[in-house]
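**Student:** here's a sequence, model it:
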Amino acid sequence: MAQTSSTQELEHPRNRLHRTRNRWLAAIAVVAGIFVVALGITAEYVARHAGPLLRSSVVATLSARFHSPVELDSLDVSAVKGLQVHGRGLRIFYLAGPTQPDLKQKLGLPASPMLSVNDFTFRTSLDDLLHLRANIARVDVDGMELHIPPHTGNRVPYVPPPKTRITLTVAKIYCKNVKLVIETARPDKAPLEFVVQNLELTDVGANRPMLYVADVINPKPIGDVHASGHFGPWRGDDPRGTPLDGQYTFTHADLSSIKGVSGMLSSTGQFEGHLSHITIDGTTSTPNFALDVSGHPVPLETKFHAFVDGTTGDTTLDPVEATLLHSPFTAQGTVMSIHGQGHDIALTVDMPRGRIEDLLQLTMKNEPPAMRGAVTLHAKLHIPPGDVRVVQKMQLSGNFHIQNVEFSSATLQDRIDGLSMRAQGKPEDVKVAGSDRKSEVSSDMAVTFSQANAEVLVSSLNYQIPGATVQLDGAYLFNGGVFDLRGHVRTTATASQMVTGWKSTLLKPFDDMFKKNGAGVQLPIQINGANGDFKLGFAMHGADETPQQIEADIKAHREAQRAISQ
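**Tutor:** Residues are numbered from 1 along each chain as shown. Coordinates of the predicted model:
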């Protein structure tokens, strides 16, 4: 018994130490629990009461930045992973221009805010708020509309901003569903509108350019634009003077959104300037460009230098270097924005070293193209606005010269070859040249033309072959591919020299009768047909009709055919 009592006396201090330690641990746990609860209560209290404080700071910061009244419908703070802030209904009324409503109305500016945001969220920390600062790493914005007003020439009056207790700084802003509208003071011009799917702004600051990455939907032709570069610093006194630069890619641009045109366009390039005047250098590629009048897709490549006027929405192209199939050409001119109608395109087109078969491949149904040869072209192109097929509204006038003309139709080429032999006074060679299904003669063609309403009027077609000159005028209708050319053929040989044997002897006394204006023979001639089918022969009447009269004859003939078929 004595031994047992002695052991208990020895263990008693250890048990007492163990019990003391347990009591301390329990006390620490209680204190920690109280601290956590207190921290939670504090965070919730701060979250509940920080809303008004942050709201006033956001309003004051933006008001100071833009010298403008600012409205914010609500701003809520919740203690989720720090402090999460959610704002709704942000409006900044004057990013530039007058800050007084009566002056704004006098200038005819819209009464709506220049910048509005539906929703935005960001996170901050309790420590930041306790130190009256908020270093925000990221702000997420959903639904933003920005209106850039027309230039008024007025400096922005200074409006003292409300005082703020919290300093706000932002590193990045991520936006989606953004609409940018560049207003114009001209009533005949529609504002420029851009729909931005996603916009990322980095290095956000008041006095330095921001880095941006944007995804934009192009309305017509419909396609996706991805751009990145620098924007700013913001010119509060003149927003249109805000600098802008970057690179872009334009992909999946479906040209079928333009009536009468098809193909899939892609483009890359770079731009710089400011919102009122941007210089763009880029390239486009459309491997399957086509007009519905022919339906033959051909590759079209361009390299362009352009200026975009942000005050009017007009674009100046100076120049466009392009290649259609194998034919290089240049174009210069303007693309003007017409309010409520679309765009008015006016270009000067020069093709010094083209191929006529490339142009015919694009514009006519015939396959293969009706002729081949080297072409030089100069023309004025005008495409007015309107929701109709491009070929229907396109206006084209000018002239072209084709060298070494060869017709795809062996039958037509043989007839031209035979005509040339007779015109040279070589009737003995007509049989071979007119039936061997190949070209014997080199010929040139010069044409002056005008096109409108899907109809081409040929005011002068001068066709030179060895021994003869063919002078024609006429009309071609895209709808149906109907054409009619009438005029005269003038030969070097006399009537008797164009035939052999007894016919030559018989005609010799009449040579002087057929001579006219220095030609051995002058005879009326007509070439007409549709969709590649043709007739070549002497014109018994109407050889001296104007292109307009020939056009009227074609239409009258078509109407008569329709009446018969009904």
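**Student:** show me how far stretch 201-211 is from its chain's centre.
**Tutor:** Relative to its chain's centre, stretch 201-211 lies at 28 Å (Cα atoms, centre = their mean, to the nearest Å).
**Student:** list the buried residues for it?
**Tutor:** Using 16 or more other Cβ atoms under 10 Å as the test for burial, stretch 201-211 gives 201, 204, 209-211. For the C-beta atoms, the positions are set from N, CA and C on the backbone; glycine is no exception.
**Student:** and P369, how far from G246?
**Tutor:** P369 sits 42 Å away from G246, taking Cβ to Cβ, to the nearest Å as the criterion.
**Student:** nope, K508 is what I was after
**Tutor:** K508 sits 80 Å away from G246, going by Cβ to Cβ.
**Student:** out of those two, which sits in the more crowded spot?
**Tutor:** Legend: neighbour count by other Cβ atoms under 10 Å for K508 and G246, higher for G246 (18 against 13).
**Student:** partners of the more buried one in the sheet?
**Tutor:** Beta bridges link G246 to G229, F271, judged by DSSP bridges.
**Student:** need the contact list for it.
**Tutor:** G246 makes contacts with 212, 227-230, 270-272, as judged by Cβ atoms under 8 Å, 6 or more residues apart in numbering.
**Student:** turn the residues you listed into JSON lines, columns for pLDDT and neighbour count.
**Tutor:** Listed next are the contacts of G246 as JSON lines, based on pLDDT from 0 to 100; neighbours: other Cβ atoms under 10 Å:
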{"residue": "Y212", "pLDDT": "91", "neighbour count": "21"}
{"residue": "A227", "pLDDT": "94", "neighbour count": "20"}
{"residue": "S228", "pLDDT": "94", "neighbour count": "14"}
{"residue": "G229", "pLDDT": "94", "neighbour count": "18"}
{"residue": "H230", "pLDDT": "92", "neighbour count": "16"}
{"residue": "Q270", "pLDDT": "96", "neighbour count": "14"}
{"residue": "F271", "pLDDT": "94", "neighbour count": "18"}
{"residue": "E272", "pLDDT": "95", "neighbour count": "14"}
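**Student:** just put those residues in CSV and tack on distance to T311.
**Tutor:** Listed next are the contacts of G246 as CSV, based on distance: Cβ to Cβ, whole Å:
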residue, distance to T311
Y212, 22
A227, 21
S228, 25
G229, 21
H230, 22
Q270, 22
F271, 17
E272, 17
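**Student:** now the element after whichever strand or helix holds S63, going C-ward?
**Tutor:** Of the helices and strands defined by DSSP states H and E, S63 is found in helix 2-66. Per DSSP H and E, the first helix or strand lying C-terminal to helix 2-66 is strand 70-78.
**Student:** just the C-alphas of that next one, formatted as CSV.
**Tutor:** Taking Å, rounded to 0.1, in the frame of the first residue of the first chain, the C-alpha atoms of strand 70-78 are listed here in CSV:
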residue,chain,number,x,y,z
VAL,A,70,-21.6,60.6,-62.8
GLU,A,71,-24.6,58.5,-61.7
LEU,A,72,-24.4,55.0,-60.2
ASP,A,73,-27.7,53.3,-59.4
SER,A,74,-26.4,50.8,-56.9
LEU,A,75,-23.2,49.3,-55.6
ASP,A,76,-23.2,46.2,-53.3
VAL,A,77,-20.4,44.7,-51.4
SER,A,78,-20.3,41.1,-50.2
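**Student:** need the helices for this protein, in chain order.
**Tutor:** Using DSSP state H, the helices of the chain run over 2-66, 101-106, 126-130, 356-363, 390-393, 410-423, 430-433, 501-507, 511-514, 547-565.
**Student:** lowest average confidence across those, which one?
**Tutor:** Note on the helices of the chain: helix 101-106 shows the lowest mean pLDDT, a mean of 48.
**Student:** got a list of what D119 touches?
**Tutor:** By Cβ under 8 Å, 6+ apart, the contact set of D119 is 86-88, 141-143.
**Student:** repeat that for 10 Å
**Tutor:** Applying Cβ atoms under 10 Å, 6 or more residues apart in numbering to D119 gives the contacts 86-90, 140-144, 177.
**Student:** distance of it from A433?
**Tutor:** Distance, D119 to A433, using Cβ to Cβ: 81 Å.
**Student:** thank you kindly, that will do.
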